[in-house]
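In: just the structure for this:
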Amino acid sequence: MPQLAYITTLIYYDGHQLVVVKDEVDTYYLCILTDEDGLLYCSVALSRARYSSLINNQIDVREAFVKRESVNWYQLRTQDITNSEFILETMLGEIPEGFLPDPGLMASPPTTSDELIFFSKERNNIVSEISVEPPEASEHNISAKTLSLLLDAFQGLVKRSLSTTRKLQNITNRHLAVDSHIVDVCAFSPGSFKIRFESRTGLDLIGDSDMEIAFGLIEKVLSSSAEPEKIATALEGYKGHFVTNLIKLLRVASESKTYLKLSWAKPSFNHVRSITVEYRHIPPLLALLTSKEEMLVETIVLVGLLKKADVDSGAWRIKNDDDNKEYSGSIHESGLSLSGLKTDSRYKVVCIERIEEAPFTGKETVNLYATNFEPV
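Out: Residues are numbered from 1 along each chain as shown. The predicted structure follows:
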């Protein structure tokens, strides 16, 4: 008989109602409490693909037991399923109806322990953790393509979250380091596939980090993931690049058939901050966000000396007064013409700024499309 060790609790209500444990060869077992004394559990073996389906709400808890993957089922008795070793007793026949949950009972993604805070103290930095459970995942195994897309999408969202928040809060009195938005992978954690990151710039002298602003915005927006219309309302002030990168991250989760969980902590925290988007909520959220074209663009105003105005191609270039940089773009499809504009004259240009992907490489470019030129 195998000995088991506790992994995580999926349902907690006056005790550990639904628990995942594993044996010495990393086979998972799903255990449900069957008596009021909190001592006896009914258990079935669980493959990682089945575990992924369960916590991504593609099957309910009852189906995991009724349509079990092996002939046997098990019982275990323990005073504390989280802290002690215990033995499975092999059972034959069907699982008694009284041991089974009602149809429709769903499991939740695993909770995040405060161990992430200890990790942040160890690193003396603000740290974050992305948790996913795509079908192919095992304890330290994930598709290279899924991992690459996930890392790229998460980094992009953090970057846009930081820049958007600073712009809206008009934070101009504090210099932003060039790499302040960058997160480095610093660890992998067992359980659901978890990737840990830390801020490249670290904490300042008083223990703060610009990264906290970025995570705060992501948490604020995704806290209403079960109600897409509420997220759309929350995003009203964050149109453009932030929304585009949020869609990119959600699309990775949707195509990988996994929930998405972001947790973060810094040494001064008492508890880990976290937000979870369940897999079943991602498709309707994506459908809503991608249908709102006005949320995917940012309006940029440039004022300065016009350096180029090509009537035939629609290409233009202007030297902006605010930062003394040159910006170039094309004209919007609304029918604007560059005819009559004079180079080396001053103009105010209203542009739409879009992040667009190349069809085959997926490489992102930021493009400007002028909607109006006004002499100044």
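In: and Lys167, how many neighbours?
Out: If you count neighbours by other CB atoms under 10 Å, Lys167 ends up with 12. Glycine gets a C-beta too; all of them are placed from N, C-alpha and C.
In: assign a three-state SS to it, would you?
Out: Following DSSP: H, G, I helix; E, B strand; the rest coil, the label given to Lys167 is helix.
In: what do you get for Gly304?
Out: strand.
In: all strands of the stretch 101-250 of the chain, in order?
Out: 127-132, 183-189, 193-199 (DSSP state E, counting those that start in this stretch).
In: hey, least reliable of those strands by pLDDT?
Out: Lowest mean pLDDT of the strands of the stretch 101-250 of the chain: strand 183-189, a mean of 64.
In: look up the pLDDT of the nearest residue to Gly104 once chain neighbours are set aside for me, please.
Out: Sequence neighbours aside, Asp60 is the residue nearest to Gly104 in space, at 5.7 Å (criterion: CB to CB, 6 or more residues apart in numbering). Note for Asp60: predicted pLDDT of 92.
In: how close does Asp60 get to Tyr369?
Out: 48 Å (CB to CB, to the nearest Å).
In: Lys159 too?
Out: Taken as CB to CB, the span from Lys159 to Tyr369 is 22 Å.
In: same thing with Ile231?
Out: Taken as CB to CB, the span from Ile231 to Tyr369 is 27 Å.
In: which residues of this protein fall in helices?
Out: Secondary structure of the chain (DSSP state H): helices located at 48-55, 61-66, 115-123, 144-168, 211-222, 228-234, 241-255, 282-291.
In: please point out which parts of the last one sit buried.
Out: Along helix 282-291, the positions that meet the burial threshold by neighbour count (16 or more other CB atoms under 10 Å) are Ile282, Leu285, Leu286, Leu289.
In: tell me which other helices or strands it touches.
Out: helix 228-234, helix 241-255 (3 or more CB pairs under 8 Å, 6 or more residues apart in numbering; DSSP states H and E).
In: mean neighbour count, these: which tops it?
Out: Among the helices and strands packed on helix 282-291, the stretch with the highest mean neighbour count (mean count of other CB atoms under 10 Å) is helix 241-255, at a mean of 22.
In: show me what the nearest residue to Lys308 once chain neighbours are set aside bridges to in the sheet.
Out: Among residues not flanking Lys308 along the chain, Arg317 sits closest, at 3.9 Å (CB to CB, 6+ apart). Listed beta-bridge partners, Arg317: Lys308, Ser328 (assigned using DSSP bridges).
In: based on its surroundings, how many neighbours for Arg317?
Out: Neighbours around Arg317, by other CB under 10 Å: 15.
In: pLDDT below threshold where in this structure?
Out: Screening the chain residue by residue with the criterion pLDDT under 70, one finds the ranges 1-3, 38, 84-85, 110-114, 136-141, 168-183, 186-192, 205-206, 334, 357-363.
In: how is it carved up into domains?
Out: 3-99, 115-295, 298-375 (automatic domain parsing).
In: using TSV, please lay out those together with distance to Leu105.
Out: Output for the domains of the chain, formatted as TSV (distance: least, CB to CB, whole Å):
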stretch	distance to Leu105
domain 3-99	5
domain 115-295	14
domain 298-375	40
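In: quick one: which of those domains is nearest Ser108?
Out: domain 3-99 (5.9 Å; CB to CB).
In: circling back to that earlier point, hey, which of the strands of the stretch 101-250 of the chain is tucked in deepest?
Out: strand 127-132 (a mean of 24).
In: just the angle between that one and helix 48-55, please?
Out: Counting by axes from the mean of the first three to the mean of the last three CA atoms, to 10 degrees, strand 127-132 points 100 degrees away from the direction of helix 48-55.
In: quick check: neighbours of strand 127-132 in the sheet, parallel or antiparallel?
Out: Strand 127-132 has the following strand partners under DSSP bridges: strand 193-199 (antiparallel), strand 260-265 (antiparallel).
In: mind checking which of the ones you listed is nearest Lys342?
Out: strand 193-199 (47.3 Å).
In: can I get that closest one as PDB, trimmed to CA atoms?
Out: As requested, the backbone C-alpha atoms of strand 193-199 are provided in PDB (Å, rounded to 0.1, in the frame of the first residue of the first chain):
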ATOM      1  CA  PHE A 193       2.900  24.600 -13.200                       C
ATOM      2  CA  LYS A 194       4.200  27.700 -11.400                       C
ATOM      3  CA  ILE A 195       6.700  30.200 -12.700                       C
ATOM      4  CA  ARG A 196       8.200  32.700 -10.300                       C
ATOM      5  CA  PHE A 197       9.500  36.100 -11.300                       C
ATOM      6  CA  GLU A 198      11.400  38.900  -9.500                       C
ATOM      7  CA  SER A 199      11.700  42.600 -10.500                       C
END
